[in-house]
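Colleague: Pasting the sequence and the predicted coordinates here, then a few questions.
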Number of protein chains: 2
Amino acid sequence: MFTRVKSAVSSFMGGIMAVSSINNNERSGGSDLPLKYPYMRPKFLGLSPDEIECSADHIVRPILILKETRRLPWATGYAEVINAGKSALNEDQACCEVLLVKKKPIGSLTPRKMSTSRRRSSLPNSVGMRMWENDEAEGLIFHYWALFDGHAGSGAAVVASRLLHRHIVEQLQGVLEVLSNLASLPPTVFCDEPNHQPFPCTHRALNRAASLHGATGAPGSPCTPPTRFFVEKKIHHESLVIGALENAFKIMDAQIEREKSIYNISGGCTVLVVVFLLGKLFVANAGDSRAIIIRNGEIIPMSTEFTPESERQRLQFLGFMQPHLLGGEFTHLEFPRRVQRKEVGKKMLYRDFTMTGWAYKTIEDEDLKFPLIYGEGKKARVMATIGVTRGLGDHDLKVHDSNIYIKPFLCCFPEVKVYNLTQYEHGADDVLVMGTDGLWDVLSNEEVAETVISFLANCDPDDLHRYKMAAQDLVMRARGVLRNQGWRIDNDRLGSGDDISVYIIPLMFGNRQP
Amino acid sequence: MFTRVKSAVSSFMGGIMAVSSINNNERSGGSDLPLKYPYMRPKFLGLSPDEIECSADHIVRPILILKETRRLPWATGYAEVINAGKSALNEDQACCEVLLVKKKPIGSLTPRKMSTSRRRSSLPNSVGMRMWENDEAEGLIFHYWALFDGHAGSGAAVVASRLLHRHIVEQLQGVLEVLSNLASLPPTVFCDEPNHQPFPCTHRALNRAASLHGATGAPGSPCTPPTRFFVEKKIHHESLVIGALENAFKIMDAQIEREKSIYNISGGCTVLVVVFLLGKLFVANAGDSRAIIIRNGEIIPMSTEFTPESERQRLQFLGFMQPHLLGGEFTHLEFPRRVQRKEVGKKMLYRDFTMTGWAYKTIEDEDLKFPLIYGEGKKARVMATIGVTRGLGDHDLKVHDSNIYIKPFLCCFPEVKVYNLTQYEHGADDVLVMGTDGLWDVLSNEEVAETVISFLANCDPDDLHRYKMAAQDLVMRARGVLRNQGWRIDNDRLGSGDDISVYIIPLMFGNRQP
């Protein structure tokens, strides 16, 4: 995330920074508290401490890919590169796992992760559609790919990359038995008995809803008012997976907030997660990373970015409804630029939370406050501070030199999109591309698709290394080469000076039967 | 709007109601205050009082179209039919005008409407793209089509059909000189001098924005902080028209609220407006009417419906942030059905404003409150009361037998979509169809398009009556015929028992040069 948190950008030096600047102070963020987890690169890269140190060379900017001996599920390709000097550490993080959701053991809340051997068994040719592990007492297998783009420190991104999937496992555990019974719809209600058996205890008779007029009784009115309507919404299994992902993000964020009193968990991070479960891809996004599917040359967007511009109306609405959150310093109205005192009484363009168009208003003293949303494109900011509006962490983030918290405007809730893999036949060149904003800031969806398609076309379709090499090629295109004291890409455009992380996930393995 | 406000549906009698029930009490809504405007049918129909009385026959349900001598701009087709008995009066209203926005005369706020002769001159063959009336000191001409679907009385719909276009004229008047200068972008700021000349008084130097860090000064900090960034958003003319429409809706709603203390303005209404201005169609929608363009057989949706389901998250967010609006009777959480007291302690599906998926929660006493949003599809309601979430009026609407107002949840702000007519060549069969929900409840977009396309294909392309006849045919298809004590359409489906109003607007006249 490049220059996305102004207060964090203290060391931008034209893209050049000595490796020695990765000192202990930056690693700890100046806090006296211990780190919850040390700074790291994605576990699956298997880097030694020395290699991690070398990877942070802001002059060379080496592109990291998987070692020959290592392989991700579905032969997924991954590549990353550090920024050009905006921060000593690479604030992107990544995690990829094949996970097993087991029935919750009595007296234990700890989810189980698959053993190495089990993970190995999930490679392309062996797992595919095998979702249920019969030998593990009906455990549910799912695949998990995640990207975290940190800002104002690497702490939140590291913690989330280590823990978010565990919260997802735990949330899925709560609906495991419901998900295992695809033959009937999830029960609206069930008894939560000590043995955690979610056998539905509703009967048709119980499902008879109260009449609508029942709504208007006193809060303590009889719980079985005269039955006049039969109304019950049918919820499908897919919605439970979406709900599990949404709540896992919330619980992860709450954990960071809770633990920052005992650990040094610096900054915040965006999150982009892909889960493959029950034949579907669930793409959960909170921030400005992006996922697209490239199928038969066609681009299918699988996420939308959350930025001050895309979320303007939500943020203005919040500021309008809870003006104390603006600390007397900001106005929820948007203006095309800062209003000056001498303009009071003149007419200026503005828009309120109810508007997508603009109108003129007579400027009053109140309008001299700074606009809650200000700037355009990558320069748009919430309260002059941050350029994304969804993510984890940032509980301490305040407007510079003030007591105004950003957090209620920045929230942790993802948008989840679903792609049914089983509905289509996928060829070897059909992939899902996930990338942090470092990729998408310099390459459009079309350029990314064209790059990937043309690279894969030149590879042997049976070579499982092709996705890894395509990811490397893609990061190379977005980073560019160092020329005339700057990183340059095609047509002499500026390359990305941000951290860049990319997955290329082939979709055909999702279709394969065991 | 059929059974959309439960408290208003007192007289549903299986589609049969005697005409004599149109009594004075229903017309006045039981209020002692005078009506602002008497009940009416659209002015352009030119009906006599007797004809209005006959049009309200709930057994015959005559389809009304324009008389031979009358014609709407662009040879627009219009047809309507009353409901099957849910209310004595047709609560739909319509308005269509060609309007002239003139420079605001000093000392007067009254907008000018075009004289009859001028309106007549705007018929297909003469006006087309002529937007500026040079002989009227640079007045701006625009075309206006509107549908209003009332509920709980006809008052708000009648008032809005008489006045909304005047507010639009007035809002456009405020930006008239800016819109007249398409060569340069609208000025960010201008002096509002007594002669209402919006000459921009900004200079490039003035446009230098305050630095972002300026935001963090005290509210009374110097108005010209050190300039570090030059940031000014460019606003285009189109955005000013959108803003004018948005504010016109707001002002219309405020007028209804203000005047209900001196006039009897019963109920509320949805609004669907199409404005043709500067070569573009602006479609503003607040409610559950719908507009689609049919171009070369392809359907282009030009509005989205605002219902408890489509606006669930906004409404839940409002209820969560301002719980006093729920009056202690409702919970902002959604459940698939009403929770019963004996279910406290069990687990039930729910979703919060942050979720699109569902999860289980342990039921607490608080969850026994009625859900803010409840029901599915046409039966979904806000606070068990109303099935639309945008519209004008309804300031007195409360939850039955309570002091809880619906209004903050029901709001007046439209969504505006734009279609650039000049970007395409349009043939005689390319049309925009506007209809109240009575049409769309029984016919899909595809069925409407197929009906219109096949009707027009059988008409002489040069016959200007073809759109009127197509509108009549479309309403006929949606109403159906009375058979076995019910209105039936194709495949023995039920026809619409609601009021139905439809415009069919040919688009080719928007392309024609004068």
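Modeller: That came through, no problem.
Colleague: ok now the longest strand along chain A, how far from the chain's centre?
Modeller: Secondary structure of chain A per DSSP state E: the longest strand is strand A:139-151. In this view, strand A:139-151 has its centroid 9 Å away from the chain centroid, taken as Cα atoms, centre = their mean, to the nearest Å.
Colleague: just checking, what packs against the helix or strand just after it?
Modeller: The helix or strand immediately downstream of strand A:139-151 is helix A:155-174, counting by DSSP states H and E. Judged by 3 or more Cβ pairs under 8 Å, 6 or more residues apart in numbering or on different chains; DSSP states H and E, helix A:155-174 is in contact with strand A:92-101, strand A:139-151, helix A:237-259, strand A:268-277, strand A:392-393, strand B:359-362. Where you see a C-beta, it was placed from the backbone N, CA and C, and this is true even at glycine.
Colleague: Tell me which of the ones you listed sits nearest to A:Glu68.
Modeller: Proximity to A:Glu68 (Cβ to Cβ) singles out strand A:92-101 among the helices and strands packed on helix A:155-174, at 17.2 Å.
Colleague: isn't A:Ile242 right up against A:Val283?
Modeller: No: the pair A:Ile242 / A:Val283 is not scored as a contact, 10.5 Å apart, by Cβ atoms under 8 Å.
Colleague: just to revisit the earlier point, can you lay out the helices and strands packed on helix A:155-174 as JSON lines showing mean pLDDT and distance to B:Val475?
Modeller: Below are these laid out as JSON lines (pLDDT from 0 to 100; distance: least, Cβ to Cβ, whole Å):
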{"stretch": "strand A:92-101", "mean pLDDT": "97", "distance to B:Val475": "55"}
{"stretch": "strand A:139-151", "mean pLDDT": "96", "distance to B:Val475": "52"}
{"stretch": "helix A:237-259", "mean pLDDT": "98", "distance to B:Val475": "38"}
{"stretch": "strand A:268-277", "mean pLDDT": "98", "distance to B:Val475": "48"}
{"stretch": "strand A:392-393", "mean pLDDT": "98", "distance to B:Val475": "54"}
{"stretch": "strand B:359-362", "mean pLDDT": "96", "distance to B:Val475": "45"}
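Colleague: closest to A:Ile293 out of these?
Modeller: Here strand A:268-277 is closest among the helices and strands packed on helix A:155-174 (Cβ to Cβ), at 10.3 Å.
Colleague: Where does the prediction get shaky in chain A?
Modeller: For chain A, applying pLDDT under 70 flags the ranges A:1-30, A:105-138, A:192-230, A:512-514.
Colleague: swap the cut-off to 80 and go again
Modeller: A:1-31, A:104-138, A:191-231, A:511-514 (pLDDT under 80).
Colleague: Spell out the residue ranges of the helices in it.
Modeller: A:24-28, A:49-55, A:116-120, A:155-174, A:176-180, A:204-207, A:237-259, A:312-321, A:437-440, A:445-457, A:466-479, A:508-511 (DSSP state H).
Colleague: At the contact with chain B, which residues of the stretch 51-200 of chain A appear?
Modeller: A:171, A:174-175, A:186, A:188-192, A:198 (Cβ under 8 Å from any Cβ of the partner chain).
Colleague: Pull up the gap between A:Leu47 and A:Glu450, please.
Modeller: To A:Glu450, A:Leu47 is 31 Å away according to Cβ to Cβ, to the nearest Å.
Colleague: Likewise for A:Lys233?
Modeller: With Cβ to Cβ as the criterion, A:Lys233 and A:Glu450 are 43 Å apart.
Colleague: before we move on, what about A:Leu100?
Modeller: 38 Å.
Colleague: more neighbours, the two?
Modeller: More crowded of A:Leu100 and A:Glu450, by other Cβ atoms under 10 Å in any protein chain shown: A:Leu100, with 20 against 16.
Colleague: ok, what's across the strand from the more buried one?
Modeller: Beta-bridge partners recorded for A:Leu100 (DSSP bridges): A:Ile141.
Colleague: Am I right that it is in contact with A:Gly139?
Modeller: Yes: A:Leu100 is within contact range of A:Gly139, at 4.6 Å (criterion: Cβ under 8 Å).
Colleague: re earlier: what's the overlap in contacts for A:Ile242 and A:Val283?
Modeller: Listed as contacting both A:Ile242 and A:Val283 by Cβ atoms under 8 Å, 6 or more residues apart in numbering or on different chains are A:416, A:418.
Colleague: Give the buried residues for stretch A:361-381.
Modeller: Neighbour-count burial for stretch A:361-381, counted by 16 or more other Cβ atoms under 10 Å in any protein chain shown, picks out A:361, A:363, A:367-375, A:380-381.
Colleague: could you dump that stretch to PDB, C-alpha only?
Modeller: Extracted in PDB, the C-alpha atoms of stretch A:361-381 (Å, rounded to 0.1, in the frame of the first residue of the first chain):
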ATOM      1  CA  LYS A 361     -24.300  25.900  -1.700                       C
ATOM      2  CA  THR A 362     -23.600  29.100   0.000                       C
ATOM      3  CA  ILE A 363     -20.400  28.700   2.000                       C
ATOM      4  CA  GLU A 364     -20.800  29.000   5.800                       C
ATOM      5  CA  ASP A 365     -18.300  28.900   8.600                       C
ATOM      6  CA  GLU A 366     -19.100  25.300   9.200                       C
ATOM      7  CA  ASP A 367     -17.900  24.400   5.700                       C
ATOM      8  CA  LEU A 368     -14.300  25.700   6.500                       C
ATOM      9  CA  LYS A 369     -13.800  22.400   8.300                       C
ATOM     10  CA  PHE A 370     -11.800  19.800   6.400                       C
ATOM     11  CA  PRO A 371     -13.900  17.500   4.300                       C
ATOM     12  CA  LEU A 372     -14.200  13.900   5.600                       C
ATOM     13  CA  ILE A 373     -13.500  12.600   2.100                       C
ATOM     14  CA  TYR A 374     -10.900  14.500   0.200                       C
ATOM     15  CA  GLY A 375      -8.800  14.000  -3.000                       C
ATOM     16  CA  GLU A 376      -9.200  11.800  -6.100                       C
ATOM     17  CA  GLY A 377      -8.100   8.400  -7.100                       C
ATOM     18  CA  LYS A 378      -5.100   7.100  -5.300                       C
ATOM     19  CA  LYS A 379      -4.800  10.400  -3.400                       C
ATOM     20  CA  ALA A 380      -8.300  10.200  -1.900                       C
ATOM     21  CA  ARG A 381      -8.200  10.100   1.900                       C
END
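Colleague: Check the offset of that stretch from the chain's centre.
Modeller: With Cα atoms, centre = their mean, you get 28 Å for stretch A:361-381.
Colleague: quick check, it touching chain B?
Modeller: Yes: against chain B, stretch A:361-381 shows contacts by Cβ under 8 Å from any Cβ at A:362-363, A:368-370, A:374-376, A:379, A:381.
Colleague: Sort out which of the residues you listed are in strands and list them.
Modeller: Using DSSP E, the residues of stretch A:361-381 next to chain B in strands are A:362, A:370, A:374, A:381.
Colleague: what is the first one paired to in the beta sheet?
Modeller: Pointing back at A:Thr362 there. According to DSSP bridges, beta-bridge pairing links A:Thr362 with A:Lys347.
Colleague: Quick one: residues contacting A:Met302.
Modeller: Residues near A:Met302 by Cβ under 8 Å, 6+ apart: A:281, A:283, A:291-293, A:417, A:419, A:432.
Colleague: For A:Cys96, which residues are in contact?
Modeller: A:Cys96 is in contact with A:42, A:44, A:72-73, A:76, A:78, A:144-146, A:503, counting by Cβ under 8 Å, 6+ apart.
Colleague: repeat that with 6 Å
Modeller: The contact partners of A:Cys96, taken as Cβ atoms under 6 Å, 6 or more residues apart in numbering or on different chains, are A:44, A:72, A:145.
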